[in-house]
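Participant: attaching a predicted model along with its sequence, questions to come.
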Amino acid sequence: MRRFCITLLGCLLAPGFIAAQPAVPPDPLSRGTSSGEHPVKYAIHSPAWSVRSNDGLRVTAHNQGDETVTLESLTFRNNLGGSDVHLELDLEVPAGRWAETERPYHDLLSGNSCVRDTRKENWRLMEISNYTLNPSVRGLIIEDTDSFRIFQCVRDVRLRWHDSEGTAHEEEFWVMYHFERTRLD
């Protein structure tokens, strides 16, 4: 006779339940700084992701901190065994202000299994950012209406920056790849 769990807690405490679950890779958002966030929020966009062009990358940043920060570079970690992708920024972001820079195109779409698999399903990359409105929904379709869908992938990056006193910092963080597609795709 098969037993059914009445509550989630009852299922979790049932003998053999936890052991029967597949191994889950570590959550990238749980690594990095203790808060998992940097005071400078940034987004990367390129028209080349949706149309054939040689347009570069546009990086827009907002410093929510109380001191000027210079974002030196981002290194996108490769989880498929290839080389990491290094993106020089050299972007000074004053305290409480916005800043923007244009960079030559770099392939930020390869080197990550979630991004690779999502692109195979004909999703369109809208932006890459170090923020999301709801991090608990990463890796899920977060809007699924009759006309529109959104999907997110997480990727590890190494951020190099220096503060207003010139002290250099380097730390592991994460970025979100924000994909969209119409339901008709």
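Facilitator: Right, received. Where do you want to start?

Participant: hey, where'd the helices end up in the protein?
Facilitator: Using DSSP state H, the helices of the chain run over 8-13, 113-120.

Participant: out of these, name the one with the poorest average pLDDT.
Facilitator: Note on the helices of the chain: helix 8-13 shows the lowest mean pLDDT, a mean of 37.

Participant: show me where the chain dips below the pLDDT cut-off.
Facilitator: Applying pLDDT under 70 to the chain flags residues 1-37, 132-149, 182-185.

Participant: now do 90
Facilitator: 1-39, 48-55, 81, 118-126, 131-153, 173, 178-185 (pLDDT under 90).

Participant: just the strands in it please.
Facilitator: Shown for the chain, the strands assigned by DSSP state E span residues 40-45, 57-63, 69-76, 85-93, 98-103, 124-129, 141-144, 148-162, 168-182.

Participant: out of those, which gets nearest to Leu109?
Facilitator: strand 124-129 (6.9 Å; C-beta to C-beta). Where C-beta positions appear, they are placed from N, C-alpha and C, glycine not excepted.

Participant: walk me through which strands that closest one pairs with, and which way each runs.
Facilitator: Strand 124-129 has the following strand partners under DSSP bridges: strand 40-45 (antiparallel), strand 168-182 (antiparallel).

Participant: just the C-alpha atoms of that strand, please, in CSV.
Facilitator: Provided in CSV are the C-alpha atoms of strand 124-129 (Å, rounded to 0.1, in the frame of the first residue of the first chain):
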residue,chain,number,x,y,z
ARG,A,124,15.8,35.8,-26.2
LEU,A,125,18.3,37.3,-23.7
MET,A,126,17.2,40.8,-22.6
GLU,A,127,19.9,41.7,-20.0
ILE,A,128,22.5,40.3,-17.6
SER,A,129,22.4,41.9,-14.1
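
Participant: surely Phe151 and Val115 touch.
Facilitator: No. Look at Phe151 against Val115 with C-beta atoms under 8 Å: they stay out of range, at 10.5 Å.

Participant: ok so, going back, okay, the strands of the chain in a markdown table with mean neighbour count and distance to Leu109 next?
Facilitator: What follows is these, written out as a markdown table (neighbours: other C-beta atoms under 10 Å; distance: least, C-beta to C-beta, whole Å):
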| stretch | mean neighbour count | distance to Leu109 |
| --- | --- | --- |
| strand 40-45 | 20 | 11 |
| strand 57-63 | 19 | 12 |
| strand 69-76 | 20 | 10 |
| strand 85-93 | 17 | 10 |
| strand 98-103 | 14 | 15 |
| strand 124-129 | 19 | 7 |
| strand 141-144 | 12 | 20 |
| strand 148-162 | 19 | 10 |
| strand 168-182 | 17 | 8 |
